[in-house]
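Trainee: build me a model from this:
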Amino acid sequence: MFFSSYSDWKHCIEVKCGIELTADYIDERLRIWNDETKEETKKFIELYGDAYHRQIVSFFEQAKQERHLK
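Mentor: Numbers count the residues shown, from 1 in each chain. Predicted coordinates:
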């Protein structure tokens, strides 16, 4: 499933998957997604493409900004 909007992505993560977007979780995911030498990141890019990878990274960055505003 490709997410075209931040709100759809966030709803899926928090509601459908039941994952709380805590600061620690966001930071962990950003460390992984921003390291293209990680096997998980390589596989994601291979499956979904570089543009979608960048979009997911931007969603996590937006979630991080939201956490700082709370």
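
Trainee: so how far is residue 56 from the nearest residue to residue 48 once chain neighbours are set aside?
Mentor: Nearest in space to residue 48, with sequence neighbours left out and distances taken as C-beta to C-beta, 6 or more residues apart in numbering, is residue 2 at 7.5 Å. Yep, even glycine has a C-beta here, placed from its N, CA and C like the rest. According to C-beta to C-beta, to the nearest Å, residue 2 and residue 56 sit 10 Å apart.

Trainee: these two: which is more packed in?
Mentor: Neighbour totals were compared for residue 2 and residue 56, and residue 56 leads with 16 against 10 (other C-beta atoms under 10 Å).

Trainee: surely that one is in contact with residue 33?
Mentor: Yes: between residue 56 and residue 33 there is a contact under C-beta atoms under 8 Å: 6.4 Å.
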